[in-house]
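Engineer: Here's a sequence, model it:
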Amino acid sequence: MLTAAVLALSGCEGVQSVLSPASEDARMVADLAWWMFATAAFIFIVTIGMLITGIALRHGREARRISFRNATIMVVIGGVIAPIAAIVAVSLSGVMIGDEVEGEAGIAGPVIEVHGKRWWWEFRYMDRDGNVVATTANELHLPAGHRSTLRLMSDNVIHSFWAPNIQGKTDLIPGKVNTLYAEPEAAGRWRGQCAEFCGLQHGLMGFVVEARPVDDFARWLEAQASDAAVTEGRGLQVFMDLGCGDCHAIRGTPADGQKGPDLTHLASRQTLAAATIPNSRGNLGGWITSPQDIKPGALMPAFAPPPDDLNALLTYLEALE
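Structural biologist: Purely as a prediction, here's the structure:
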């Protein structure tokens, strides 16, 4: 029943599952997973078959001593040939899907830098000259049907980028840039996760992957490249007075911090705290005033502004679409 429930839920939108591939790359990984399962089942059946045969020969109604020749054949076939065949098959399958290839000319998607932070994700969309066009946090948007290039990097510890519906795992290693390709076949939304233990908040270092039709993606990227929708007001003043601008950037305002996520278009995001909670006014207020209750060990400090100031700040942040 548990297996049936897992298989049923794996097809739901937003579920993080290798059994629900949404790209050709992920489908090859899923096929390999099923092939490994079948191989393991084969080895299990062979082992149990040998055990039952041995018991039957020694303790059956017509128990008889097995000959050295027959025993040798059983051991060689069941204990040597079968495992070696399984290992070779699985190894070859893994090697065959291990080579990443770039998209064909004309369908190449954007180049995106993926930065693993403690403990959140930053996605920087680059133009053809290598300049940053837009920056988002914890939400990766991709054009459906186009092969995007992801450049994975970290300036702190080793992380691992894993969006199983789209691609396999690849590590982010300090001092090294690893390249991954992502080509979702159709529009959809899925969850990703850091798959390498990276510290206290590793388990809550998630992200969202959303594939959009090409035209919709172009409009989204253009909107993300623009400055903040509101660049003045009491809420912004509260933001600066609390020192939030020392860690967070809001383009078009004096806030230019680089330690935390860029908040220029915060209101357009679906989640907060690296996909830990939905983006709502209540959750946003709770995250500002009590981040340790939501993510113990998070590097963001707690703030306790007066109620009027907090409401003004939340109103301002909700306007950053």
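
Engineer: contacts and neighbour counts: CA atoms only from here.
Structural biologist: Fine.

Engineer: which residues in the stretch 101-250 of the chain form helices?
Structural biologist: With helices called from DSSP state H, counting those that start in this stretch, the stretch 101-250 of the chain shows them at 214-225, 234-241.

Engineer: Can you list the buried residues in the shortest one?
Structural biologist: Right, the one you point to is helix 234-241. With burial defined by 16 or more other Cα atoms under 10 Å, the residues of helix 234-241 counted as buried are Gly235, Leu236, Gln237, Val238, Phe239, Met240.

Engineer: In CSV: those residues, plus distance to Thr53.
Structural biologist: Below are the buried residues of helix 234-241 laid out as CSV (distance: Cα to Cα, whole Å):
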residue, distance to Thr53
Gly235, 77
Leu236, 77
Gln237, 80
Val238, 78
Phe239, 75
Met240, 77
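
Engineer: This structure: strands as residue ranges?
Structural biologist: In the chain, the strands defined using DSSP state E lie at 108-116, 121-126, 132-137, 139-143, 147-154, 159-162, 170-172, 178-182, 188-194, 206-212, 271-272, 277-278.

Engineer: Indicate each strand paired with the third one and its parallel or antiparallel sense.
Structural biologist: Its sheet considered, strand 132-137 pairs with strand 121-126 (antiparallel) by DSSP bridges.

Engineer: what about the stretch 51-200 of the chain, any weak spots by pLDDT?
Structural biologist: Within the stretch 51-200 of the chain, the stretches with pLDDT under 70 are 60-64, 97-107.

Engineer: so Ala312 touches Gln237, yeah?
Structural biologist: No - between Ala312 and Gln237 there is no contact under Cα atoms under 8 Å: 9.3 Å.

Engineer: in the sheet, who's paired with the most centrally placed residue in the chain?
Structural biologist: The chain has Gly192 as the residue nearest its centroid, 2.4 Å off, counting by Cα atoms, centre = their mean. Residues in a beta bridge with Gly192, per DSSP bridges, are Phe207.

Engineer: That one against Glu210, yeah?
Structural biologist: No - counting by Cα under 8 Å, Gly192 does not reach Glu210; the two are 10.4 Å apart.

Engineer: quick one: the longest helix along the chain to strand 178-182, angle?
Structural biologist: Using DSSP state H, we find that the single longest helix of the chain is helix 24-59. Per axes from the mean of the first three to the mean of the last three Cα atoms, to 10 degrees, the angle that helix 24-59 makes with strand 178-182 is 100 degrees.

Engineer: which strands and helices sit next to helix 24-59?
Structural biologist: In terms of contacts (3 or more Cα pairs under 8 Å, 6 or more residues apart in numbering; DSSP states H and E), helix 24-59 is packed against helix 82-96.

Engineer: Which of the residues in the helix it packs on are classified as buried?
Structural biologist: Within helix 82-96, the residues scored as buried using 16+ other Cα under 10 Å are Ala82, Pro83, Ala86, Val90, Ser93, Gly94.

Engineer: what does stretch 42-62 give?
Structural biologist: So for stretch 42-62, counting by 16+ other Cα under 10 Å, buried means Ile43, Val46, Met50, Gly54.

Engineer: ok, the first one touching Ile81?
Structural biologist: It refers to Ile43. No - counting by Cα under 8 Å, Ile43 does not reach Ile81; the two are 10.7 Å apart.

Engineer: still on that earlier bit, tell me the angle the longest helix of the chain makes with helix 82-96.
Structural biologist: For helix 24-59 against helix 82-96, the angle by the same axes, to 10 degrees is 180 degrees.

Engineer: so how far is helix 24-59 off the chain centroid?
Structural biologist: Relative to its chain's centre, helix 24-59 lies at 30 Å (Cα atoms, centre = their mean, to the nearest Å).

Engineer: pLDDT score for Arg269?
Structural biologist: What the model reports for Arg269 is a pLDDT of 96.

Engineer: Not counting sequence-adjacent ones, nearest residue to it?
Structural biologist: Spatial nearest neighbour of Arg269, chain neighbours left out: Asn279 (6.8 Å); criterion: Cα to Cα, 6 or more residues apart in numbering.

Engineer: Tell me who's in contact with that neighbour.
Structural biologist: Shown in contact with Asn279 (Cα atoms under 8 Å, 6 or more residues apart in numbering): Ala267, Arg269, Gln270, Thr271, Leu272.

Engineer: just checking, Pro184 touches Ala211?
Structural biologist: Yes - Pro184 is in contact with Ala211 according to Cα under 8 Å; the separation is 6.5 Å.
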